[in-house]
Each structure stands twice: as C-alpha cells, then as structure tokens.
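**Student:** Sequence first, predicted coordinates after that:
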Amino acid sequence: MKQIRTVFHFEFKNYAKSKAYLILTILLVAVVGVALSIPRIQEAFSTGKKEEAPEKSVVAVVDQTGTGKAASVLSAAVPQGDFRPVSGDLASLKKDVDAGKYSCAVLVDSGPEYTYIVKNVGMYDTLQSRIDEALLTFYRMRTLQKLGVPAADSQKLLSGQMRANVVKTAEGKDQMQNFFYTYIVIFALYMAIMLYGQFVASSVATEKSTRAMELLITSTRPRNLMFGKVLGAGTAGILQLALIFGSGYVFYNLNASYYASNPIVQSIFGMPLSILLYALLFFLLGFFLYAFLYAALGSLVSRMEELSQAVMPVTFLFIIAFFIVIFSMSSGNVDNAVMVVCSYIPFTSPMAMFTRIAMGNVAGWQIAVSVVILAASTVGVGFLAAAVYRMGVLLYGKAPKPREIFAMLRNSRQ
C-alpha cells in the first residue's frame, strides 16, 4: 500500500504541476467564467450609453385591396420597416427600387397575393418573411369579415389570443429538460477517458521505451506501480473537471438573475442531487475501468509509435458506446433494446445506464444490477490489467496478440 501511495503522489504531482495541465485548467475556467458572465458584461458596457434605434428600411406600398389599410397593417406588424403608401404600377415600383429611392416595394393585390420587389436580397434579410406573415394575416382577417365574423373576434383569433388552457403534468422524466445536463456529463466522461486514458498509456509506454521501467520495478512491484499510475492520473483528471464545473456553478450563481428566463441554463445547473450522485458513481467506475485497460495496453508496446495501434480496439469500443448513447438521446427513445443491453455491459453501462436514469424509465433493481456488474468488472479488469502489466513490463519486440496474451497469463499461473 505504501508503494501505491508513493507512486500515486509522484504521478499526481507530475500531472498537476505540468504547464499544459495548469494552462488548460486556467483557460477552461476563464472561458466558463466569461461565457456565464456575458449578460453582466453586456449590461456593464451598455450602461450609460444611449442605444440608437436601428435604421428602418423604407418600403413603398401600393394598396390595390380597396381598403387603404395595407400600409398601416404592415407598419404595425413589421417594426423594422418604414412603410409609405404610394401610387403607381409594377414598372414604376421596379424603377424606383432600382434607383435606390426605396429599399424595396410591395404591391398588394385584392386577392391573397402580393408582389415583393427588391434589388438585392441579403443573406440575413428577414423583412420579406415578416411582410409575408403580416399580409397573410391581413388576407385572412378580410376573409373572416366577409363571412360575418366581427373584426375584433377575427383579430383575437388570428393573433393567438384565443388559446386553450393546457395543464401539463409529468409523471416521469422531462427528456427535454434533462437532455442538456445529461449530454454534458456524457461528453465530460468521453473527454476524460479519451484524454487521461491516453495519458496513462503514453506514460507507461514512454517509461518502457526508455527502459526506465526496468529500474522502477526493482524497487516497486509492477501491480503497485500500475495502480499508483492509474489512480494518480485519474485523480488529476477528476480534480481538473471538478475545478471547471465548480467554477461554472460559482459563476452561474453570481449571474443567476440574468438567466431567470433561460430554461436551458437553469436545467443544466438545476440537476437533482440524486442524478448528480449517479453521475459521479458511473463517471468514476467508467473512468477507472478504461484507464486500467489503457495502462495494460501501454505496457505491451516497446515503442511509442506502436501505442496508437495497440489502444485502437479499446478506443473504438468506447467511441461506439458514445455514439449509441448520443443517437438514442437524439431520438428520444433511451429505453430501446440496444440501450437496455448496453446498460449491463461494463464497457457501455457508464454512459448507457446513466442516460436511462436521467432521461428514461428504469427500475431500481436494474440500476443496482448494473452498478454491481460495473463495479465488479472494474475491480476484475484492474487485477487483470495488473497481471498483463506485470508480464508486459519486460516484454520487448512486437506486441503480442490477444490470444497470445491470454496464453501467457494462463501459463504464468501454472
């Protein structure tokens, strides 16, 4: 145990004191802080400054409906336009728009039809769509009035003021509300495993390629060396994530009043305590399960150039699990047959079962079975990886195939 603590402290300090680790942590904390403080920053810069009204587009309106109300209807519905009633025909309107007298022109016919005239349509020009909505409402109101519906009732009906009273009840999970924090947790696990799993494998492979490992195992048992490395790297990674998410929580509370009407941000920082505890449990078990595998695979290569090929199967397995979960979340059906099966497979359950807990319907006994299988598998993979590590530290040359590895492990126990 003393050897594990010694290796743990050494590895943790190497990660925590490295410039890359410190710079990345400070940078991400700063990005999170600035992102969550944008409303406050915007308010500070706008305080005391008189906001200038945006320049309106001058629009010529030829009303052929016989009501004389087309220009006033458009002015009330489309505030970014300065609608001016004019007389003329289509040719004269095109000439005036082409000469730059008007930004655009609208010729409103008596039927449900109008002509929109513009010289150039900008990429982000929404004026035409707003005019289209306003005139469509105008035509509908005229039709309703012809059918004997009073003008006040027509306006109320078309403006959306007449609505049904809807009482929303949710007996289970609100998937839309839970989607955002579930995605963040899944993505954080993905990045932690991909980043720190590779770090563990690279550290082991580097020590082996420089033959420093041969010196280390003379004073430390290989199993203790591996467990110390994995625990040190894992603690450094979890500390980094805790600082980033912790700073996000602090900055959110400092600026909470600015997000009172933002349901997405509120849902992210309003994660229930039970879901947070499940996230931590599956995160830790899933992280160390894959970290042990990366450490074992890193011990089997003799050169750094061989590392990417050695860890590729495990990396592909994890990427496949990630995409299965993301596609299921996007479809809204997180309790499909594939996700149910993945909830009990140790290599996929950290993401699959957590997603089902946060967004789906899963019984308590199913969660317990998944956690027991995952915890037992993590411990089992840890000891198996330690055996592979012990065998691989002095194994040079071409990396053995999986069948050869199991044969050597079986022979070593005899």
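**Tutor:** Here it is on my side, so go on. Owing to the predicted nature of the structure, the values given are computational and were not obtained by experimental measurement.
**Student:** rest of the way, CA atoms for contacts and neighbours
**Tutor:** Noted.
**Student:** which outside residues touch the helix or strand hosting Lys94?
**Tutor:** Lys94 is part of helix 90-99 when elements are defined by DSSP states H and E. By CA atoms under 8 Å, 6 or more residues apart in numbering, the list of residues contacting helix 90-99 from outside reads 60, 102-105, 107, 117-119.
**Student:** list the buried ones in it?
**Tutor:** Buried residues in helix 90-99, counting neighbours by 16 or more other CA atoms under 10 Å, are found at 93-94, 97-98.
**Student:** What about Leu22, how many residues nearby?
**Tutor:** Neighbours of Leu22 under the rule other CA atoms under 10 Å: 13.
**Student:** among the contacts of helix 90-99, which ones are buried?
**Tutor:** 60, 102-105, 107, 117-118.
**Student:** okay if I get those residues as TSV plus secondary structure and distance to Ile345?
**Tutor:** Below are the buried ones among the contacts of helix 90-99 laid out as TSV (DSSP: H, G, I helix; E, B strand; the rest coil; distance: CA to CA, whole Å):
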residue	secondary structure	distance to Ile345
Ala60	strand	67
Tyr102	coil	67
Ser103	coil	63
Cys104	strand	63
Ala105	strand	64
Leu107	strand	66
Ile117	strand	62
Val118	strand	61
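**Student:** Tabulate the contacts of helix 90-99 (a markdown table), appending pLDDT.
**Tutor:** Putting these into a markdown table (pLDDT from 0 to 100) gives the following:
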| residue | pLDDT |
| --- | --- |
| Ala60 | 89 |
| Tyr102 | 89 |
| Ser103 | 86 |
| Cys104 | 87 |
| Ala105 | 89 |
| Leu107 | 87 |
| Ile117 | 87 |
| Val118 | 85 |
| Lys119 | 81 |
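**Student:** Quick check: of the residues you listed, which lies closest to Gly66?
**Tutor:** Of all the contacts of helix 90-99, Leu107 has the smallest distance to Gly66: 12.6 Å, by CA to CA.
**Student:** could you show me where the helices are in the stretch 301-414 of the chain, in order?
**Tutor:** Ranges of helices within the stretch 301-414 of the chain are 307-331, 337-342, 349-359, 364-392, 402-413, based on DSSP state H, counting those that start in this stretch.
**Student:** for the stretch 1-150 of the chain, same thing?
**Tutor:** For the stretch 1-150 of the chain, the helices defined by DSSP H, counting those that start in this stretch cover 2-16, 19-36, 38-46, 70-77, 90-99, 127-146.
**Student:** Phi and psi next, for the closest residue in space to Asn255 that isn't next to it in sequence.
**Tutor:** Among residues not flanking Asn255 along the chain, Ser37 sits closest, at 6.4 Å (CA to CA, 6 or more residues apart in numbering). In terms of degrees, to the nearest 10, the main-chain angles of Ser37 are phi -100, psi 10.
**Student:** Perfect, that will be all.
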